[in-house]
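J.: What would the 3D arrangement of this be:
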Amino acid sequence: CGSAALVEDALYAQQQLVCAACGCVLAEGLLTTTYSEEEHLREVAYSQSTGQKEQQSRCLQRGIRRVQDLCKVLQLPAVFEETAVSYFQRALQLPAFHLVSLEKKELLGGCCVFVTCRQHNWPLTMGTVCSLLYAKQELFAGVFLSLQKELGLSVPALSLADLVKTHLSSFRLFQPSPGVPAPFLEDKEKLVARTMGLVELASETWLVTGRHPLPVVTAAAFLAWQSLQPRARLSCPLARFCRVAGVDLPPPAHLRLRELLEILLGMASQLAWLRGFHLDKKTVVKHVGDLLQHRVFLLKNAFCQAGEELQGQDSLGQGSPSSPPMAQEKGCPLAGKCPRPLLPPCLIHPRKRLRSAAPSAPDPPVTGDEPISDSEIEQYLRSPEEIRSFRKAKAWS
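T.: This is a model prediction of the structure:
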């Protein structure tokens, strides 16, 4: 305002030069807010102090609260919460996350919690976090991969045993509730133990390799649940089981269930006290406990490796003195006793037939007198001296 009436005001212990006429602050005071300046007893301006630089943006504050709330919902230890918050703060400082959408920034907090749990071997699946955040798994996976790449994080994979325990803990079959009939209730430890045995069997028979684990775990849990009380549960289909348990039914679970039953039927054919019974996919569930108990022996007898099967076919094709050649055409009695090879289902039941390549002409034998082209010779030349010598020799010729 042009007035010369300036006064020094020590409001809140901060010296300011204020105009007495209009109240305009002409100069700010000096604060001692940095540790290095405090050690040397120096005063710094507030704009240069740590108090100004440590002000968090609304996005950062909202993200930290979201991470903390997610950790409380999952009942994670305090160490997990601190690690997840630090990952979130580091990620927001990177340019890769400055111009992303608000939805991805909200998922970033969930990704930090997910990474922290994986690093501490805490069984948490991506589907659980997505259900809590109401997010799509494809979008969440993209943000997770970006976070892992930008921060250079090492995220260990979740073991199959931890996945079984985590997935089964979400079932509503362990406590009485209005929507769960009494025959459907089961002890959690028994169901987890039986499901683990079936999942290990599926892993040994190529049913898990290259596939999403949740359909396999769902099918194994259904068979384990049926085998514990088969009389009251054999009539329950897979869809109703998932509906009563309160979990989603993955579409490939029916295929994994059929493949598991085929393996169990093959093993049951080698069990001595079951050979007199006609077993099918319904009745074999009653003997899952015995089949898992003698799993190693039954797998060895019911299935063979691919090399053993080929050797057996070669020996049968050549014929033996005791069996006439026409026995193979009419049907050898040993054909039913030969175990089928233990191969991945994609090789046993291929979806598309592979076209056989046309036979190519055999390559001529290598004698050592074949001509060598100039371009092939240049590939063996390494040093500049060799290149100059080769050019001189080529010019003389």
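J.: Starting from Gln229, give me the distance back to Ala219.
T.: 18 Å (CB to CB, to the nearest Å). Using the backbone N, CA and C atoms, a C-beta is placed for each residue, glycine as well.
J.: quick one: which of these two has more around it?
T.: Ala219 (27 against 13; other CB atoms under 10 Å).
J.: what's near enough to touch that one?
T.: With contact set as CB atoms under 8 Å, 6 or more residues apart in numbering, Ala219 has these partners: Leu238, Ala253, His254, Arg256, Leu257, Leu260.
J.: any idea which element the third one lies in?
T.: Element membership of His254 [criterion: DSSP states H and E] is helix 253-268.
J.: Show me what counts as buried in the following helix or strand past that helix.
T.: Next along the chain after helix 253-268, taking DSSP H and E as the criterion, comes helix 288-293. Neighbour-count burial for helix 288-293 flags Val288, Asp290, Leu291, Leu292 (criterion: 16 or more other CB atoms under 10 Å).
J.: so Asp290 makes contact with Leu271?
T.: Yes - using CB atoms under 8 Å, Asp290 is in contact with Leu271, at 6.6 Å.
J.: Sketch out the helices for the stretch 1-150 of the chain, chain order is fine.
T.: 35-39, 50-53, 58-73, 78-92, 102-119, 126-133, 137-151 (DSSP state H, counting those that start in this stretch).
J.: Please tabulate the ones you listed in JSON lines, including the columns mean pLDDT and mean neighbour count.
T.: Listed next are the helices of the stretch 1-150 of the chain as JSON lines, based on pLDDT from 0 to 100; neighbours: other CB atoms under 10 Å:
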{"stretch": "helix 35-39", "mean pLDDT": "51", "mean neighbour count": "11"}
{"stretch": "helix 50-53", "mean pLDDT": "46", "mean neighbour count": "12"}
{"stretch": "helix 58-73", "mean pLDDT": "87", "mean neighbour count": "16"}
{"stretch": "helix 78-92", "mean pLDDT": "91", "mean neighbour count": "17"}
{"stretch": "helix 102-119", "mean pLDDT": "90", "mean neighbour count": "22"}
{"stretch": "helix 126-133", "mean pLDDT": "86", "mean neighbour count": "17"}
{"stretch": "helix 137-151", "mean pLDDT": "91", "mean neighbour count": "16"}
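J.: mind checking which of these is nearest Phe390?
T.: Of all the helices of the stretch 1-150 of the chain, helix 137-151 sits nearest to Phe390, with 46.3 Å by CB to CB.
J.: I'd like the next helix or strand past that closest one.
T.: helix 160-169.
J.: For that following helix, which helices and strands make contact with it?
T.: On a contact count with 3 or more CB pairs under 8 Å, 6 or more residues apart in numbering; DSSP states H and E, helix 160-169 meets helix 188-204, helix 213-228.
J.: Flag the shaky bits of the stretch 201-350 of the chain, pLDDT-wise.
T.: Judged against pLDDT under 70, the low-scoring parts of the stretch 201-350 of the chain cover residues 304-340.
J.: same thing but at 50, please
T.: By pLDDT under 50, the weakly predicted segments of the stretch 201-350 of the chain are 305-337.
J.: Return the closest of the buried residues of helix 288-293 with respect to Ala78.
T.: Proximity of the buried residues of helix 288-293 to Ala78 (CB to CB) peaks at Leu292, which lies at 40.4 Å.
J.: how about that closest one, what does it touch?
T.: Arg194, Gly197, Leu198, Leu201.
J.: looking at those, which has the most residues close by?
T.: Leu198 (27 neighbours).
J.: separation between that residue and Leu291?
T.: 9 Å.
J.: Kindly report the same for Cys130.
T.: 36 Å.
J.: returning to that earlier point: from the contacts of Ala219, keep the buried residues only.
T.: Buried members of the contacts of Ala219, counted by 16+ other CB under 10 Å: Leu238, Ala253, His254, Arg256, Leu257, Leu260.
J.: Could you work out the end-to-end span of stretch 288-299 for me?
T.: 14 Å (CA to CA, to the nearest Å).
J.: Same question for stretch 261-274.
T.: OK, stretch 261-274 end separation, CA to CA: 16 Å.
J.: Domain ranges for the chain, per the record?
T.: Following the TED database, the chain resolves into domains at 1-31, 58-151, 160-308.
J.: Any chance of those domains in JSON lines with distance to Ser397 as columns?
T.: Below are those laid out as JSON lines (distance: least, CB to CB, whole Å):
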{"stretch": "domain 1-31", "distance to Ser397": "86"}
{"stretch": "domain 58-151", "distance to Ser397": "56"}
{"stretch": "domain 160-308", "distance to Ser397": "56"}
